[in-house]
Structure formats: structure tokens, C-alpha cells
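Peer 1: Pasting a predicted model and its sequence here:
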Amino acid sequence: LPLWRTQFRQLRQLQDEQQKLEQKQALHTQEATARQQEADKLAAQLCEQQKVVDAARQQFMQHDETRQQQEAHQPLSILHQRFNQRIDQRAERQRLATISDQFQRLHVRKQQYLTKLGEVQEHISQSEVLKKQQQSEYEQRSQHLADLETLHRQEERIVKLEAERQRLQAGEACPLCGSTEHPAIERYQALQPSETQSRLTALQQEVNQLTTALANTTAQLASLEQQREQLQQDIAQLDSEHHALRQQWQDVSERLQVNYTLEQPDEIAAWLAQNEAEEQGIRQQITAREQLQKQWQESKDLLTAAE
């Protein structure tokens, strides 16, 4: 019995030890499983992290390659230099456009004045011809009027001597000259001063009309000559302004290295539009390059953070 008890205790001890060993084995297995799961999770995280790094590196390399290519083709500093040059020339280009516009407007005004001057000169020529005609006719009519007035006065004197004429008889001696022949008696007796007076009145009216017409033509001619003088002064003033604009144009065009003349408005407008388009183009290139630089820096920061 004592032996059996001893063996029983040993068996219980062995069973307890085996149970402990089994518990330890289970714990080790559980820990190993947990470690494996943790390792798998970490490996998955590392894999995802590597994908992020690879994507960030690829994106950075693409941005870096594009940036280097564009920089090699045309450095950003050169673009800024060209753009600043355009900005510095903008005021000069605007001045050039203003001078061209002023010149064209003055040119149009001068052509209008020249056309008007030609018309006025034509009217002056016509008025001078008309004045000469009216002057000649006036002088002729005035001389005729003077002659008719003389004739009328003579007729009036002759009529006043009618009593003496009535005493004259053919074959009898004239008490004034002693002549026995009186050939003008019938003609004197046929005189009609009233008819001459009517002719004189009509001619006087005609002369008065000619005087008025001649005065009107003279006044019109004076007005036309005044217009011509004013137009000539205006044209001279425009010529002076043209000369000043040409001098300004020469100064500005030399600074801008422009070979056009003021008589080439279409070419000037095209050159100005081209420069404006080039300035806008450079501005857009700089904006795109700066945007690319920003993307490059962001991708670089992202790669650095991912690594």
C-alpha cells in the first residue's frame, strides 16, 4: 500500500507536469500565431507603404523629368527675363500705338481739309469769273445809263424850246442862226422824253440789280477767300503736328527697333497685336512652369515623407 501511494503520487505529479507542459505548449502556439498574424499585418503594411513610396517616386521622377526637359529647352529665368523686357516695353508700345492713331486721325482731317480747300478754290475761281462778267456788264450798263441820262437832259432842253421850234417855218430864216433850212424840225417834233424816261428808269433798275449782284458776289468771294485762308492755316497747323508726331515716332521706334513708317497703319497694328500675343504667351508659359515647379516640390515632399 505504501508503494502504491508513492507510485500514485508520482503519477499525479507526472500528469500535472504533462498538463502544465500542454498548457505551455498551447500558450506558445497562441503566441506564435499572434506573432505570425502581427508579422503578416506588418508585411501587408510594409507592402502598402512600398506601393505609396513607389507611386510617389514615380510621380516625382515624372515631374522632375518634365521640369528638367523644359528647363533645358528654356530656363525659367530666361522666360522671366523676356517677360520683364516685354513689361518694360509696354509703355513704349502703347506710346507707339497712340502716335499711330493720332497720325491717322490727323491724316484723315488733312485730307478732308484738302478736299474742302479744293472745293473752296473752285468756288473762288467761279466767283472771280462771275465777278468779272458782272463788273463788265455793270460798266457797260452804267455807261449806257450815263449816255441815256445825257440824252434825256438834251431832250428835255429841246422840248423846252418847243415854242421857238413852232415859229420856225420852212424857207424862213432862223432868228438864231439865220438858216432858211430846218431839217431837224420834224425830228425834234417827234421827240418823246417820256419814252426816254421809261428806258432810263428800266436801265436804272437794271444797273441797281447789277450793283446788288456784284456786291453779293464780292462779299461771297471775300467769304470764300477767308475760308481758303483759314483752311490753309489749319493745314499748316496739321503739317506742324504731323512733323512733331513723326519726330516722336522716330524716337520711340528706334528704342523699340521698329522699321515701320507712320504710313503703314496695318503693319503697325499687326506688330502691336503680335507683341501683345507674345507677352500673353510668355505669361502663360511662366504660369505653367511655376505650377509644374509647385507640383515637383509637392511630389518631392511626399516622397520624402513616404520614405
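Peer 2: Perfect, thanks for sending it.
Peer 1: hey, where'd the helices end up in the stretch 151-300 of the chain?
Peer 2: 162-167, 185-189, 193-256, 265-306 (DSSP state H, counting those that start in this stretch).
Peer 1: list the helices and strands the longest one packs on?
Peer 2: Helices and strands in packing contact with helix 193-256 are listed as helix 76-160; criterion 3 or more Cβ pairs under 8 Å, 6 or more residues apart in numbering; DSSP states H and E. Using the backbone N, CA and C atoms, a C-beta is placed for each residue, glycine as well.
Peer 1: now the angle between helix 193-256 and the helix it packs on, please.
Peer 2: Put simply, helix 76-160 runs at 170 degrees to helix 193-256, going by axes from the mean of the first three to the mean of the last three Cα atoms, to 10 degrees.
Peer 1: Among the helices of the stretch 151-300 of the chain, which comes closest to Gln143?
Peer 2: Nearest of these to Gln143, taken as Cβ to Cβ: helix 193-256 at 10.1 Å.
Peer 1: picking that back up, mean pLDDT lowest for which of the helices of the stretch 151-300 of the chain?
Peer 2: Lowest mean pLDDT within the helices of the stretch 151-300 of the chain: helix 185-189, a mean of 52.
Peer 1: re earlier: so which of the helices of the stretch 151-300 of the chain is nearest Pro75?
Peer 2: Comparing the helices of the stretch 151-300 of the chain under Cβ to Cβ, the one sitting nearest is helix 265-306, at 9.6 Å.
Peer 1: Give the other helices and strands that that closest one contacts.
Peer 2: Helix 265-306 makes packing contacts with helix 2-73, helix 76-160 when contacts are defined by 3+ Cβ pairs under 8 Å, 6+ apart.
Peer 1: Lowest average pLDDT across those?
Peer 2: Minimum mean pLDDT among the helices and strands packed on helix 265-306: helix 2-73, a mean of 79.
Peer 1: highest average neighbour count across the helices and strands packed on helix 265-306?
Peer 2: Using mean count of other Cβ atoms under 10 Å, the stretch among the helices and strands packed on helix 265-306 with the largest mean neighbour count is helix 76-160, at a mean of 14.
Peer 1: what is the orientation angle of that helix with helix 2-73?
Peer 2: Angle of helix 76-160 versus helix 2-73, following the same axes, to 10 degrees, is 30 degrees.
Peer 1: ok so, going back, ok, which of the helices and strands packed on helix 265-306 comes nearest Ser198?
Peer 2: Shortest distance between Ser198 and those, using Cβ to Cβ, is found for helix 76-160: 10.4 Å.
Peer 1: The closest one vs helix 265-306, what angle?
Peer 2: Helix 76-160 runs at 160 degrees relative to helix 265-306, counting by the same axes, to 10 degrees.
Peer 1: so how far is helix 76-160 off the chain centroid?
Peer 2: 27 Å (Cα atoms, centre = their mean, to the nearest Å).
Peer 1: Then stretch 244-264?
Peer 2: Worked out by Cα atoms, centre = their mean, stretch 244-264 lies 17 Å from the chain centre.
Peer 1: list the buried ones in that stretch?
Peer 2: In terms of neighbour count (16 or more other Cβ atoms under 10 Å), stretch 244-264 has its buried residues at Leu245, Gln248, Trp249, Val252, Ser253, Val258, Tyr260, Leu262.
Peer 1: Do I have it right that Leu256 meets Glu92?
Peer 2: Yes. The pair Leu256 / Glu92 is scored as a contact, 5.5 Å apart, by Cβ atoms under 8 Å.
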